[in-house]
Structure formats: structure tokens, C-alpha cells
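A.B. asks: fold the following and give me the result.
(2 chains, ligands or ions: 2)
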Amino acid sequence: MNTILNRAGRNFLLRHPWQLALALLGITLGVAVVIAIDLALDSALQSFKQVEQTVSGKATHRIAGGEGGLDEALYRKLRVEHGIRNLAPVLQTYLPIQQNPKIKLRVIGIDPFAENAFRSGWQSGQDGAQAAIRLVAEANTAIIGRQTAEALGLSIGDELIVATGTGDRRLRIVDLIAPASAVAAEALSNIVIADISTVQEITGWFGRLSHIDVIIPETDPHKVQARLADILPGDVSLVSIATQFESMQQMTEAFSINLSAMGLLSLLVGMFLIYNTMTFLVLQRRGLIGNLRLIGVTRRQISRMILTEALILAAIGTMLGIGLGLLLGQVMLQPVTATVDTLYFRVDRLSLSVSPLQIGKAVLLGIGATLLAVIPPLREANRFSPKHALTRSQLESGSRRLSRSILLLGILLIAAGFAIGFLSETSIKLGLASVFLLLFGFALLTPATTLAVMSCVETLSGRLFGILGKLPPRMVGAEISRTGVAIAALMIAVAATIGMNLMIDSFRVTVAQWLNTTLQADLYVSIAGDKTARDKAVKDRQLKAIIAELAEVDQVSTVLHTQVVADDMPVKVSAFELTEASKNGFVFKQAFDTGLWRAFEEQETVIVTEPYAYHNKVKAGDTIALQTAKGLQDFKILGIYYDYSGDRGRLAMSRTQYLRYWPDLGYTGIGVYGVAGSDLNVLESRLRDRLPQALDLKSSRAIFDASMQVFNETFLITETLRWLAAGIAFVGVFGSLMALQFERTRQLGILRAIGMTPGQLTGLICAETGLMGLTAGLIAIPVGLLVAYVLIYIVYLRSFGWTMTFHLNPTMLIQGLLLAVFAALLAGILPAYRMARTRPAEALRAE
Amino acid sequence: MTPANNFIEIDGLTKNYRETGRPVTIFDNLSLSVKRGELLVLLGRSGSGKSTLLNLLGGIDRPDSGRIVIDGIELTSLSEHRRTLFRRHHIGFVFQSYQLIPTLTVMDNLLLPLELIQPTGKAGRNKAAELLNNLDLSDRLDTYPDRLSGGEQQRVAIARALIHDPLLVLADEPTGNLDLQTGQQVMSLLDKLVRQSGKTLILATHSREVMGIADRILTIRDHSLIETDD
Ligand SMILES: Nc1ncnc2c1ncn2[C@@H]1O[C@H](COP(=O)(O)OP(=O)(O)O)[C@@H](O)[C@H]1O
Ligand SMILES: [Mg+2]
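C.D. replies: Ligands and ions are numbered 1, 2, ... in the order given. Got it, this is the predicted structure:
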């Protein structure tokens, strides 16, 4: 029995390949986008983790100082005086190589003999001892991964030429690492391993270490930890590697959640496609289903037939989606990693890693979404009574009844959206949930709103164009169960687009204003380079003196961006030497206190950025305990200032205060203020003459432009994803219009029979779809504004701690409206064309 | 051959349908002439091609070959657009299953064919109201079709077919969905109105009861027409 039933169903399905393809497309694209985002994000983190694990092997903890690194003496002290075992000193840097200037190699200096217990990835599958001896015994030797060597066209005995601050240096390759596993091989790409003294020599950082890896045995971790804590100076911290990974994950959490939300948006819109197809198939078969019920097929059997179809669709769609998702993930990996790299931490390697868990998640999502989308049509199918197959108009009156409960549900969802948005305090996920609830809630109001809009339009168009004018709004209103869903889907996509556009635009304007305020100097010299270098501070001071002496220069300010430690976690800090002008570059959240800058210079105080205050829940007047070489030191927070340069936040203190507790690491940047009325171009060329070539000199204009460029790149993925979601919505609208016109083939046939020309018919259908687009656009404008509001004041504030000023750009609203109308018109063209081409006699024969 | 002043001339009409690749012949070299004001009844078994012939006459389908001339205009040589305009002005259709526009009221269903020709104001409404009055539907002007009984719907459909004063009315089994009594009622109304205005009517049916009103009876058999004398 069931096989016959299924065959009856299937035969019908296969007669409608279009609808089938669209439903598949919905599932496929939705699943693909979700899995692609998941993969790309996870891979960025995993890449980081794998590289670290391959390099540090079995290390459980890491002893690290600020960016100045550690004194080698500490290592000796721990090892010799305190007899602590399982320590591995590391000195690492990134250096460009002559063979391929585009890439920088990570040069890692290690103590080959100390490393044995660590079983780092570079030792695996090697005659480790032999290589280790050569690294130590022979000067300027290194080993690199086989893959990297092949990529660079090098082999054993060849020389690697690296560019250092003190000129080109040659490293002779004495061995190639050929790790057993592919993962390890990947992780080791672009890594050079050398003896620590070799690295110290080529960089000139004698006596310095980047950090010390430690294995703390699991048997009694606390004892060792306590002992180490006693010995280590105050500004040196012992951090567990696991904690470090965790905090990395936390750092990117907001970014991840926001991206994933875009994926879910695509899936939501994709669900609409499935709903649409299944409803179409059920409605089209109301005759068949009625007949089946008449001959004794039970409701349960009908349900099973429809569910089977849906599950087959879901299975195929999900499989295709996973395949496409892998491809898409590969494409997205680059931009996602680039963003993680700019905003959070350095990612050295790009490769997609896929876990069974992720595949499982995709399968669940694909099938779950399909089942959800098939519930309404399933209920519809069970309403068909065996006595008579319901006619369309009966169905419509049923759905009008339904629309009252839908209206209520919509209002409920919107209320819930507001409540969750405003009452949940810091949760990003709940903030986004509020956006989704609002979008969905308003989507449910769409049918009722559409009916209202249509009756207004009808009054107007009826007066203008008579009966012909009444037809399009009537057609939209009469089949609201179908048209309403298409309008709702389009509305969601357009409202999301408007909301995101307004948010990004507000953000852009805010950042631009901030940059304009903060970039007070005329020119900026940025001093790159590793802060580990011993004579950096001296050289930087000389540089500053040279600049200050120039006749065209009025004043100079300096900044050092580095890290200090609080609660055993690194904290970004900027040490400023401010001029009067540069003080104007800070805009504080609270009313400005005239005594602030004095206290800033003279006392143990800091000012903190807005994200710092948000994430650490501190306010002006609080104190922060920072770890210094002399022990813990409290710093009082004088104020909170706006800063959009990073989302984890930073502290700022005066250079004077900084130098009281931390070593001088020179400067990161020098701000140059020309004398009043001086020509900036002259100043710039004078500076270029005097400064070393390698230094980066930029006007504040150039920095402004570069920053905005970074801003745009950061939003590239978000923007791409948004268009993807809009694309899926478009396909959905297209599919539902196809279905709609198909269903009313006969009605259109009558119109042709009584004398409507193909052109008029096309006009009619276009007017109808145009009206649908217009309605979607009109509803999307207020909803989009609301979404923007929630995104700015709830989601983004919670994600990143930034306050943005709402910038209402009317163009974005008009764009949204046009987008809706054009999308609907475009989606209507093909069905209109098909209907206009169909012979009336043929159309009249349609069921 | 038939004189040139005939209202309808069909000449050498051939029509095939392609059902799963294999062509099925409906008409083979069919010819017919009809005089102005004639009431013609078309008989034939279900599937014999009655609807097809009416569709061809109304220009909503095209033959494979042959000529159809109505009132001196060669329908078969007109473009799709011109054919539609011809239909708009000169043809009225009545179908078995009424085929009213469900989203328009009775009044609007009647006004639609008029407004396709040109915008009508009050004059059109008056005309429609009068016609509906004749059909005993004056209290249903603002009702939607799905609230009407079958007989009422078919009367509205008749009004729609006549409102623009077509030269030719094509009725395809107009009583097929109605019970006997209602059917007879509808039929006599149709007969009355058509005769009153001197229009030509071609009526397809497979029930022999309507034959009484016919001027001429034709039967489709073996892909061509046979004249039947009562
Ligand atoms: N569009 C079509 N495609 C294929 N076959 C058709 C089509 N229209 C009608 N037919 C076939 O042509 C024959 C005549 O149909 P029709 O004119 O509707 O007959 P009648 O109205 O006399 O019952 C039937 O066998 C029908 O199946
Ligand atoms: Mg027929």
C-alpha cells in the first residue's frame, strides 16, 4: 500500500522539477552557508592551535614576560639554582626571506637538547639526535620542513637568506623535517628551527628569550606551580597553554557568533523555500489526497507519504549542502582568517579542518529545518476531508482564519524580541535572538499588513484604472497564504539588509569621526620591529631627537603599544608621551575633569578604552592591579575613552608611569606636529631625508585612509554573507511566484479568452509582483530601522563594547525599497513570460 | 462551394495533438459555413473535439492548417495580438465550468470585458445592471462568484459573454454542470438573449435535449462534421 502511495506521490513530484530544484536549492544553500562559516571560523582557531602544539609539543605551561621577552638568566636560574626540569627556552621571530619576499618565515630558536621531553612535532619521525648535534655544533645552521623546502626550491646544504634588522643573514639547511602525519607537516610549513644562540646572533638579541615552555607533571601540578610562582619575578607570568587557547577562543567568540548568525539567517530564508515547495505540492495534490482519503487511506498514511518526500529532499539537500559548504568554507577561510589576524591574533597557516562533529551538526540542521518547514503544509494536507477535496477559496478562507492566530503569534514574538533584547544584560546570543524574533515576528504580521495595503492600493488604482487596476491588488490579497509568505521572506531579507547597512554605515561614520579626532598629529612615524632587541630604546630615542630638532617641527608625541600582565593574562597597554594637542585626541565618556591630565602624568593612573571597561566591567574610580617586576601595583582608572582600534580594549598610561614599573621598549609610533602654517609636504620630504629608509612615515590622511580600508575589509565577509542570504530569499520569491502563477494558470487563461492580450497579462503579473515587492519594501523599512537599532545598541555593543552613533542614512532606506521592488519584479518576469506565451486553450485545460 | 457572404467560413481545417510524441488527429480537412444569426448545435461524444473546434473558432487555439474566416476576417492569418483584439470585440465565451474570475464581484466580472475595450463609466454599469436584471440576478451585483449557485454562476457567465455585444457567442456545454431543470432555464435564457440581439451562437453539447432550439445540428464524427436533420 505504502509503496503505491509513495509512487503516486513521487510521480507527481517528478512532474514539477522546478519546484523540486528550488526546495533542494533552499536546503543546500542554507546548510552550505552555515557549515562554511563554521568550518572557516573553526579552522582559523584550529590552525593556530595545531601550529602551537607542533612547536611546543607536550608543554603544559608557558613562562612569559611582556613583549620585551625574558632574560636568559631566568632560565639558567630556574634550571641550575632551583633544579627545575622540563624547561625549554624559546626565542622566536618572523623574518622575511630573500627567496620569496612575500612570505615571512617563523624562525624559532630552541635548545635542541632540552627539547627531548617535549616531543615537539619537528622531532617526530627524525633522527633527532643527529640533527640536534649539528644545530648546536655548527654555526648558522637550521632545519626546515620538507614541504617548505620544496616550495622554496631548497634542499639540504643550501642556504636560506633571511632579512634581519642588521642586514641579510645566511642559514645553512642541515636537515629537512619530514613529519609522519600530514597535520604536523601542514603545521610546520613556513617554520624554521635553529639553535637558540643562532637566532640570538642573527637578530642581535643576545641574552634574550621569548618565553620558556614548561611541562608540569600531572601528578602534582599545584606544588610545582606554587614553587614557580615564588621564584618568578612579578612581571613574569606562568600561564597554562589550555587557558591560553581558551582565551583565544573567547576573544573571537563575539566575531564567531555574529558570523554564525548570518549563516542562520541564510538557513531561515532557505527554510522558506522548503515550506514553499511543500505547500505547493500539497495544494496541487489536494485532489489526489482527497481521492486517496476517499478510498480509505488514513491521515497517518498521508502524513507519512509527505514526510517521506520531505526527508528524501532533506537528505539530498543536506548532502549537497555539505559538499558545497566545504567548497565555500575553503573560499571563506582566507577572509575569515585575515579578519582574525587583524583583530585578534596571528594565524600562520591556512587550511580547512573538518570534524565529524561539524558534519553531524550540518546534518541535524538540514533535516531539522526541513521538518520544521514541512509542518504547516502537513497540517494543511490533513485538513482535506475525504468527502470533498477543498476548493481553493475554501482553503483561502481557512487561511484567513489562520491569519488571525498568526497575527497574534507575530505580536507575541515581537514582544518577546523586545523583552529578550532589552532585559538580557550582556549576552550576545540573546541579543541576536532578539533580532531573529523581531524579524520573524514582523514576518508573521506581513500577511495582515499586506491585506491592509492592498485594500488601500485597490481604492486608488480602481479609481485610476477601473477594474483592470483593481485586479493586481485583488490577486495579491486573494491568495494571501501564498503571496504573504513570499512577501514575508523578501521582507526579512530586505529588512536584514537595511539593518546591516545602517549599522555598518553608522559604524563607519563613527569610526571616521573618531579617527578625525584622534589623529591630531600631522605626520606619524611608525616604528616596527621586535621589541626584544636590546638597543631598541636607545635607537628610538635618538630617532625622536632627530625629528624634534628639525626647524619645521613644533612638537612630537610618542606612544609605545605593548603588553603588561594582569591576573596572569596579557593586557594591551599604550604608554603615551602626550603634547597638548594630542590630548584633544581623546574623547571621554564621562564629563571631562580638568585635573585628569595632571593625575595621568603624575600618579599611578590609567585611562581605559571603552571595550576594556565593557569587557572587564570597570568604571572610572576603580583600580586595576598590574603585575610589575616589583610585585602587584594598583592603578586608578581616571576615565574611559572612545577607541575603535580593537575590540578587546587597552589601557593607556603616561610614559613616565610606565617606565617606573616596566622596561623601556622604545616607541611604537611618533606623532609629528609641524610649526603653525608649515607646508606638510615640505615637512614630509624633510623627514624622509633625515630618517632611515625602512621607517614608515605616513600623513594622518594616509592613516585615515588605511584605517578605513581595514574597516571595509573587516566587513567584507559580513557583507558577502548578507548578499548570499538575500540571494536565497530571491530564489525563494522566484519559486513562490512560479508556483503561484502556475496554480492560477486557468484563471489567466480566462483573462486571455475574454480578450486580454499577452502584453496586458504580462503587465498584470508584473504589477502584481511589483506590488508584492513594494509591500515587502515598505514593511522592511521600519523593521530594518529596528534591526539596525538592536544591532547597534545591543548586539554590537555587547560583542565589542563599542558605542556607535546611530547615523540614519535615508539612501539606505530607499535602496532597500528599490531592492525589494526590483527583486520581486525580476522574480516575476519569467512566470509572466511563460504565462503570456501559453495558449489560452491550453491554460483553460489546466486543473 | 459556399457563398462568400457567409458569416463563418471554415475551410480545410486540420488539427492534431501531440500526446507523448504520437500525433492524435482531431480534425482532418474539416469545412463548415455558418450564416449570421444562426443558432448551431454541435454534437459529439466526449473527446470528439467539440471544445477544440470552439477554441479554434474563438482564436484561443490554432489549427495545424486550414482557414477560419469570421465576418470577412481571416482569423488564422492574424497575429496573436490581433487575434486577441478580435476576440475582445467580437467573441463571447460560455464555458462548462463557468470560469468567472473569483477575485472580482459579479458586477466587476461583467465590467472587465467592457473595460478591456475602453474605460466605461456609468454607462457600463447601467448596461451590466440591466443585463443582470434580465437574468434575474439584480440582487447579486456585489457578490463574489463562489457565493453563487451553479445556475447563478452560469447566468453571470452568459451575461459576461453578451455584455460587449459580440458577433459570435461560443458556448461549450453550458449546462454540463447543472441539473436538468436549471440547465433548461439557463438554456432558454441563452436562447432568448441571443435571438433577441440577432447574434450567432454555436453551442457544443452532448445532451440531445437542447436540440429543440437549434437552427442546425452538426455532429463531429471521424474527424469531420456531419449535418444532422432532425
Ligand atoms: N492540449 C491538448 N493536448 C493533447 N490532447 C488534447 C488537448 N486538448 C484536447 N486534447 C484531446 O483532444 C480530444 C478532443 O478534446 P475536446 O475538444 O476537449 O473534446 P470534447 O470537448 O468533444 O469532449 C480529446 O481526446 C482530448 O484528450
Ligand atoms: Mg469539451
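
A.B. asks: correct me if wrong: A:Trp514 contacts A:Tyr642.
C.D. replies: Yes. The pair A:Trp514 and A:Tyr642 qualifies as a contact (Cβ atoms under 8 Å) at a distance of 5.9 Å. The C-beta positions use only the backbone N, C-alpha and C, and glycine is treated the same way.

A.B. asks: which residues do these two both contact?
C.D. replies: Common contacts of A:Trp514 and A:Tyr642 (Cβ atoms under 8 Å, 6 or more residues apart in numbering or on different chains): A:Val587.

A.B. asks: so who does the nearest residue to A:Gly329 once chain neighbours are set aside touch?
C.D. replies: Spatial nearest neighbour of A:Gly329, excluding adjacent residues (Cβ to Cβ, 6 or more residues apart in numbering or on different chains): A:Leu39 at 3.5 Å. Contacts for A:Leu39 (Cβ under 8 Å, 6+ apart) come out as A:Gly325, A:Leu326, A:Gly329, A:Met332, A:Leu333, A:Leu352, A:Ser353, A:Val354, A:Gln358.

A.B. asks: not counting its neighbours along the chain, what's nearest the fourth one?
C.D. replies: Setting aside the residues directly before and after it, A:Met332 is nearest to A:Ala40 in space (Cβ to Cβ, 6+ apart), at 4.2 Å.

A.B. asks: residue 153: neighbour count?
C.D. replies: I'll assume chain A. For A:Gly153, the neighbour count with other Cβ atoms under 10 Å in any protein chain shown is 9.

A.B. asks: ah, I was thinking of chain B
C.D. replies: Using other Cβ under 10 Å, B:Gln153 is surrounded by 21 other residues.

A.B. asks: check A:Ile191 too.
C.D. replies: For A:Ile191, the neighbour count with other Cβ under 10 Å is 23.

A.B. asks: ok now do it, which residues does it touch?
C.D. replies: A:Val51, A:Val55, A:Leu105, A:Arg106, A:Ile108, A:Trp122, A:Ile144, A:Gly145, A:Thr148, A:Asp348.

A.B. asks: spell out which residues of chain B are next to chain A.
C.D. replies: Residues of chain B lying close to chain A by Cβ under 8 Å from any Cβ of the partner chain are B:52, B:55, B:58, B:60-62, B:80-81, B:84-85, B:87-89, B:91, B:93, B:95, B:99-104, B:108, B:111-113, B:115-117, B:119-120, B:146, B:160.

A.B. asks: swap the cut-off to 7 Å and go again
C.D. replies: Contact residues (Cβ under 7 Å from any Cβ of the partner chain) of chain B with chain A: B:55, B:58, B:60-61, B:80-81, B:84, B:87-88, B:93, B:99, B:101-104, B:108, B:111-113, B:115-116, B:119, B:146.

A.B. asks: mind checking which of these are in helices?
C.D. replies: Residues of those located in helices (DSSP state H): B:55, B:58, B:80-81, B:84, B:87-88, B:108, B:111-113, B:115-116.

A.B. asks: could you flag which of these are buried?
C.D. replies: Among those, the ones that count as buried by 16 or more other Cβ atoms under 10 Å in any protein chain shown are B:Asn55, B:Gly58, B:Glu80, B:Thr84, B:Arg87, B:Arg88, B:Asp108, B:Leu111, B:Leu112, B:Pro113, B:Glu115, B:Leu116.

A.B. asks: the fifth one contacts B:Gly58, doesn't it?
C.D. replies: Yes. Applying Cβ atoms under 7 Å as the test, B:Arg87 and B:Gly58 come out as touching, 6.1 Å apart.

A.B. asks: ok, for A:Ala369, nearest residue in space, not its chain neighbours?
C.D. replies: A:Met271 (4.8 Å).

A.B. asks: so which strand or helix has that neighbour?
C.D. replies: Assigned by DSSP states H and E, A:Met271 belongs to helix A:253-284.

A.B. asks: got it, and A:Val525?
C.D. replies: Assigned by DSSP H and E, A:Val525 falls in strand A:523-526.
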